[in-house]
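*Asks:* Here is a sequence together with a model predicted from it:
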Amino acid sequence: MTSVFIISAPSGSGKSTLVSRLMNEVENLTFSVSYTTRKPRGAEVDGEAYHFINRTEFEDRLSRDEFLEHADVFGNYYGTHQTALQIAENKGKDLVLDIDVQGAAQLKKRIHDAVTIFILAPSREILEQRLRSRSQDSEETILRRLADAAREIQDYGLYDYVLVNEDLELAAETLKSIVRAERVKRIRVEEKIRPILATFGPALEPEKAV
Ligand code: ADP
Ligand code: 5GP
């Protein structure tokens, strides 16, 4: 059974850094590569960070109901393809999605047992420092991202886990622990433990099991 991990955060909180640590350091995970109409940034490669498409193609795909969820973020479309879950299942891997709060709310309605994780910078001031130190965005973009962060943070209540990214090492270890702990929840391991129990012989009748 594929477990689904949805990770959201206001831009600049450290989500990409933490998700990249998670993908590199925890076994058996696959990342959902979203479709977006935004332009590639820096060294981003088509098909790796995102599938980069234009608005017409996005709208065509949307009208064909190709997306599990989609949202308009910072004036660009972003969407998770219908096949993302199937691809993870075929590979026998768990699925990690980096999507915004609108997308997380839509997906949680379709995949009830999805695990949702919200990442937060320790304060607005530190978020601003991180956005500036990344030096990828214009002043206008930084100010819009800060204003959006104030709004997105209000939605933290939709999430199962809220991780404050203060010390990077600790936050990365905590994110990995969440994934590992969720994987051994009883409900997710029933299939795996049945054959183990069988090696101990037939199950006892409840009345005999004193
Ligand atoms: P996001 O993906 O949420 O937009 P990034 O992962 O790009 O954020 O991080 C924004 C900036 O903050 C980057 O320059 C990154 O190296 C830095 N950063 C991330 N986590 C921490 C942390 N715990 N302490 C200090 N700097 C951090
Ligand atoms: P960025 O352009 O900085 O990579 O991402 C901007 C925002 O879009 C981030 O909050 C990211 O989580 C979100 N995002 C990326 N892919 C998707 C997606 O497929 N669906 C939704 N709803 N949001 C996405």
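*Replies:* Perfect, thanks for sending it. Ligands and ions are numbered 1, 2, ... in the order given.
*Asks:* residues in the chain within reach of ligand 2, list them.
*Replies:* The chain comes close to ligand 2 at residues 8, 11, 34, 38, 69, 71, 73, 78-80, 98-100, 102-103, as judged by Cβ under 6 Å from any ligand atom. C-beta: built from backbone N, CA, C; applies to glycine.
*Asks:* Sketch out the low-pLDDT regions of the chain for me.
*Replies:* 204-210 (pLDDT under 70).
*Asks:* what about 80?
*Replies:* 135-137, 203-210 (pLDDT under 80).
*Asks:* and residue 65, which of the three is it?
*Replies:* Put simply, residue 65 is coil when judged by DSSP: H, G, I helix; E, B strand; the rest coil.
*Asks:* what's the nearest residue to it if we skip its chain neighbours?
*Replies:* residue 82 (7.6 Å; Cβ to Cβ, 6 or more residues apart in numbering).
*Asks:* Does that neighbour touch residue 68 like I think?
*Replies:* Yes - taking contacts as Cβ atoms under 8 Å, residue 82 lies within contact range of residue 68: 5.4 Å.
*Asks:* which one of the two has more residues nearby?
*Replies:* A direct count of neighbours by other Cβ atoms under 10 Å for residue 82 and residue 68 places residue 68 higher, at 20 against 14.
*Asks:* mind listing what residue 89 touches?
*Replies:* Shown in contact with residue 89 (Cβ atoms under 8 Å, 6 or more residues apart in numbering): residue 2.
*Asks:* one more time with 10 Å
*Replies:* By Cβ atoms under 10 Å, 6 or more residues apart in numbering, residue 89 lies in contact with 1-2, 30, 95.
*Asks:* helices or strands next to the biggest helix by length in the chain in the packing?
*Replies:* Ranked by residue count under DSSP state H, the longest helix found in the chain is helix 168-183. Packing partners of helix 168-183 (3 or more Cβ pairs under 10 Å, 6 or more residues apart in numbering; DSSP states H and E): strand 4-8, helix 15-25, strand 94-98, strand 115-120, strand 161-164.
*Asks:* re earlier: I'd like to know which of the residues of the chain next to ligand 2 are part of helices.
*Replies:* The helices, defined by DSSP H, take in 102-103 from those.
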